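Next one to model:
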Amino acid sequence: MASRTHDSRSERLKASPPLFRSPFMDRFTRVHHLVPVVLYAPVVVACLVLALGRMGLLPVLGLVAVGYLLWTLTEYWLHRVVFHFEPEGGIGARLHFLIHGVHHDHPNDPKRLVMPPAASVPLAVLFILAFRAIFGADGWLPVTAGFLAGYLVYDEMHYWLHHHVPTSALGKRLRELHMRHHFQDDTRGFGISAPYWDKIFGTFAGPRRRGW
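Below you'll find the predicted structure:
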């Protein structure tokens, strides 16, 4: 009986329902976790090659680091403010379920662990345009590379934490923190690839440990 209950719970956690009545529309809400790598890794490489053709190595590395830092802040605040804005009813509640609620209800569905291109591509374009305006004709390239590389780290890490059991101390700790967010307190633990922002902003998901 206990085994049957465990199996049914496991199925519920990984088998999310269609988000749209149209099978065609619903297809765009499900994505293999390697799709972002195929889409964005070439963009990262192209931006780095172009940047190195226009700037020195040290400025490029510095701006890549800026882009990565901007990603980690975006990851934290997007998750905290947008994904966890939870209206009680109406279209707001529906939008929350479409954007993030379905993931919390069915956190182990392998096709709903990374952002679909229908959402990520428009967002990426908006960020790139902002970087072009802020960092100029050359600087936006390494910043974009660092930002998109950070996004890929986040997406693949998110999949990995849900579908693999880490063996390293760091991996175990990251998985523990994310599972606390899912199964104990979803008002804490918003930084998945960068949990240090939770410490800085007071939303750390677990008891303090040495080095954390």
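
Mind checking what secondary structure Met25 has?
Three-state assignment for Met25 (DSSP: H, G, I helix; E, B strand; the rest coil): helix.

Can you report how many residues lie near it?
Neighbour count for Met25, taken as other C-beta atoms under 10 Å: 12. Yep, even glycine has a C-beta here, placed from its N, CA and C like the rest.

Distance of it relative to Pro116?
From Met25 over to Pro116 the distance is 11 Å, taken as C-beta to C-beta, to the nearest Å.

What of Ala124?
12 Å.

what about those two, which has more around it?
Ala124 (20 against 16).

Setting aside sequence neighbours, what's the nearest residue to that one?
Leu148 (6.9 Å; C-beta to C-beta, 6 or more residues apart in numbering).

In contact with the one you found: list those residues for me.
40, 43-44, 47, 67, 71, 124 (C-beta atoms under 8 Å, 6 or more residues apart in numbering).

Test my guess that Tyr68 contacts Gly146.
Yes: the pair Tyr68 / Gly146 is scored as a contact, 4.1 Å apart, by C-beta atoms under 8 Å.

Return every residue with contacts to both of those two.
With C-beta under 8 Å, 6+ apart, Tyr68 and Gly146 have no common neighbours.

Mind naming the longest helix for the protein?
helix 117-163 (DSSP state H).

List phi and psi for the nearest residue to Thr72 once chain neighbours are set aside.
Distances taken as C-beta to C-beta, 6+ apart place Ala194 nearest to Thr72, at 3.8 Å, with adjacent residues excluded. Note on Ala194: its backbone torsions stand at phi -140, psi 70 [degrees, to the nearest 10].

Can you get me a residue count around Ala194?
20.

and it, what pLDDT?
On pLDDT, Ala194 comes in at 94.

show me the contacts for it.
Ala194 sits next to 72, 75-76 when contact means C-beta under 8 Å, 6+ apart.

And those residues, which is closest to Gly53?
Taking C-beta to C-beta as the measure, Gly53 sits nearest to Thr72 out of the contacts of Ala194, at 27.2 Å.

residues of whichever helix or strand that closest one is part of that come out buried?
According to DSSP states H and E, Thr72 maps onto helix 57-77. For helix 57-77, the buried set under the neighbour-count rule, 16 or more other C-beta atoms under 10 Å, comprises 60, 62-64, 66-68, 70-72, 74-76.
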